[in-house]
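Colleague: Fold the following and give me the result.
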Amino acid sequence: MIFRLFRHPSRKVIALISALLWLIVISALHFILNSERPSRSTEVLMGYMPVVTNLSAPLVDAASTGGAVHFQAIKFASFAEMAEAFRSGHIQVAFIIAPLAIALHQQGVPLKVVYIGNRHESTLVVKKDLPCESLGDMVGKTIAVPLRYSGHLLALRRYLREHGLDPQAIRTVEIPPPDMPSALAANGIDGYFVGEPFGSKAIQSGIGRKLVQVEDIWPKFICNLVIVRDDLVKSHPEWVQTLVSASVRAGFYARDHLEETETLLCRYWGQDPRVISFTFSNPPGRFRFDLYVPLRGEMDEIAREMQLAGLLDGRFDPGEMVDDHFARAVSLKPVDSLDMIMVK
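Modeller: Next up is the predicted model:
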């Protein structure tokens, strides 16, 4: 009976066989597409903000794409959000504002400082028509900083202390860097202190003007540094070395290949190319890429400023959070193309 059905199949039998074959094909495709397959590359997630001191993050992301280890740059809207992502382990690396890294360490988050981003990149911008010539003229005014655990707030407090002024003589408010230019344009603040290119955005658009560059207040100022979770340092020190070496070389590549760097940063940051170009040319050569080794003395200096500002209590030992051997082991080679920053 069965053999007769297959020798002379009816329409119903043909339809049944077609349905069974279709089910088998769909099941096979579902298995292939959804089964776990070995990845061609391993991803290390890096948090960063779209500021010049973090420019190594997108450059390393672009250069490592398709490699054995892809260092993927995840852009955040605020340092506070980035800190929580790092605390929870959602990202393994953070290009983060220095005092916040110290605060995370003091709160028990297992981390190591392995690299310092380029320096001298923060600017204090005020409303264009504000009658002031120095920070001393800003007494009674309101200045925005990225957050209270920031070097910008510490630099302001340092200036006030050194000039014999009350620590609260200038009012500070916390505003995420991307929102600062619009807050200034809306007259919600009198000025803001932040990493570039957000200062240049207000200057280039004509709503603000530069009052102070951070290096005028704090030479060799550290805005952002790179922290890595302890478990990554212990389990894959070779990945950390690759990251640090590539980050250092990315800084020198950016210095020597500005046009290519600006194009890439515009794509990652979502910024107007005119703002990026203005940032790097006013004044040209301002940013320093050669002071990338994290020094315990500098971390201690930041911690002391935090203590004076009431942002840090108790004992602080920079030796517990600083691991400088990765930065000291970097081999500086000529970098003629972006891909070369990944060369060992």
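Colleague: contacting residues around the residue most central in space within the chain?
Modeller: Central residue of the chain (CA atoms, centre = their mean): Tyr48, 2.2 Å from the mean position. By CB atoms under 8 Å, 6 or more residues apart in numbering, the contact list for Tyr48 reads Asn54, Ala57, Pro58, Ala73, Ile74, Lys75, Phe76, Met82, Ala94, Phe95. Bear in mind the C-beta positions are built from the backbone N, C-alpha and C, glycine included.
Colleague: Ok, Ala155 next?
Modeller: Ser122, Phe193, Val214, Ile217, Trp218, Phe221.
Colleague: Can you list which of the residues you listed are found in strands?
Modeller: Using DSSP state E, the members of the contacts of Ala155 that fall within strands are Ser122, Phe193.
Colleague: Out of the contacts of Ala155, flag the one nearest to Ala202.
Modeller: Comparing the contacts of Ala155 against Ala202 with CB to CB places Phe193 closest, at 11.9 Å.
Colleague: Test my guess that the closest one contacts Lys141.
Modeller: No: applying CB atoms under 8 Å, one finds Phe193 not in contact with Lys141, separated by 11.9 Å.
Colleague: Please compare the two by neighbour count and tell me which comes out ahead.
Modeller: Neighbours were counted for Phe193 and for Lys141 using other CB atoms under 10 Å; Phe193 has more, 29 against 17.
Colleague: Torsion angles phi and psi at the residue nearest to Ile143 when sequence neighbours are not counted?
Modeller: Among residues not flanking Ile143 along the chain, Gly191 sits closest, at 4.9 Å (CB to CB, 6 or more residues apart in numbering). The phi and psi values for Gly191, taken as degrees, to the nearest 10, are phi -170, psi 180.
Colleague: List the beta-bridge partners for Gly191.
Modeller: Val126, Ile143 (DSSP bridges).
Colleague: ok, now how distant is it from Val173?
Modeller: 11 Å (CB to CB, to the nearest Å).
Colleague: now Leu291
Modeller: 30 Å.
Colleague: can you check Val52 too?
Modeller: Separation of Val52 from Val173 (CB to CB) stands at 23 Å.
Colleague: got it, and Ser205?
Modeller: Counting by CB to CB, the gap from Ser205 to Val173 is 21 Å.
Colleague: quick one: which of Leu291 and Val173 has more around it?
Modeller: Leu291 (16 against 13).
Colleague: How about the more buried one: what's its closest non-neighbour residue?
Modeller: Arg119 (5.6 Å).
Colleague: Run a quick neighbour tally on that neighbour.
Modeller: By other CB under 10 Å, neighbour count at Arg119 equals 24.
Colleague: for Ala329, what are its contacts?
Modeller: Gln241, Val244, Ser245.
Colleague: The residue nearest to the centre of the chain bridge partners, please.
Modeller: For Tyr48, the beta-bridge partners under DSSP bridges are Lys75.
Colleague: Look up how far Gln204 lies from it.
Modeller: Taking CB to CB, one finds Tyr48 at 22 Å from Gln204.
Colleague: Please apply the same query to Leu258.
Modeller: 16 Å.
Colleague: Can you spell out the domain ranges of this protein, please?
Modeller: What automatic domain parsing lists as the domains of the chain is 2-34, 42-118+222-342, 122-217.
Colleague: Is it possible to get CSV of the ones you listed that adds mean pLDDT?
Modeller: Shown next, in CSV, are those (pLDDT from 0 to 100):
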stretch, mean pLDDT
domain 2-34, 45
domain 42-118+222-342, 94
domain 122-217, 95
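Colleague: got a list of what Ala254 touches?
Modeller: Contacts of Ala254 by CB under 8 Å, 6+ apart are Leu55, Ser56, Leu59, Thr261, Phe289.
Colleague: Inside helices: which ones of those residues?
Modeller: Within the contacts of Ala254, residues falling in helices by DSSP state H are Ser56, Leu59, Thr261.
Colleague: For the first one, give its distance to Leu265.
Modeller: Meaning Ser56. From Ser56 to Leu265 the distance is 11 Å (CB to CB).
Colleague: what's the answer for Tyr159, then?
Modeller: For Tyr159, the distance to Leu265 - CB to CB - is 30 Å.
Colleague: Repeat that for Pro178.
Modeller: Counting by CB to CB - Pro178 and Leu265 are separated by 15 Å.
Colleague: picking up where we left off before, tell me which of Ser56 and Leu265 has more neighbours.
Modeller: Between Ser56 and Leu265, counted using other CB under 10 Å, the more crowded position is Ser56 (32 against 23).
Colleague: Enumerate every residue touching the more buried one.
Modeller: If you count contacts by CB under 8 Å, 6+ apart, then Ser56 has Phe95, Gly117, Ala246, Ser247, Val248, Ala250, Gly251, Ala254 around it.
Colleague: so where do the strands sit in the stretch 51-200 of the chain?
Modeller: 69-75, 93-97, 111-116, 122-127, 142-145, 171-174, 191-195 (DSSP state E, counting those that start in this stretch).
Colleague: What are the buried residues along the first one?
Modeller: Right, strand 69-75. Val69, His70, Phe71, Gln72, Ala73, Ile74 (16 or more other CB atoms under 10 Å).
Colleague: Turn those into TSV, columns for distance to Leu147.
Modeller: Below are the buried residues of strand 69-75 laid out as TSV (distance: CB to CB, whole Å):
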residue	distance to Leu147
Val69	31
His70	30
Phe71	25
Gln72	24
Ala73	21
Ile74	19
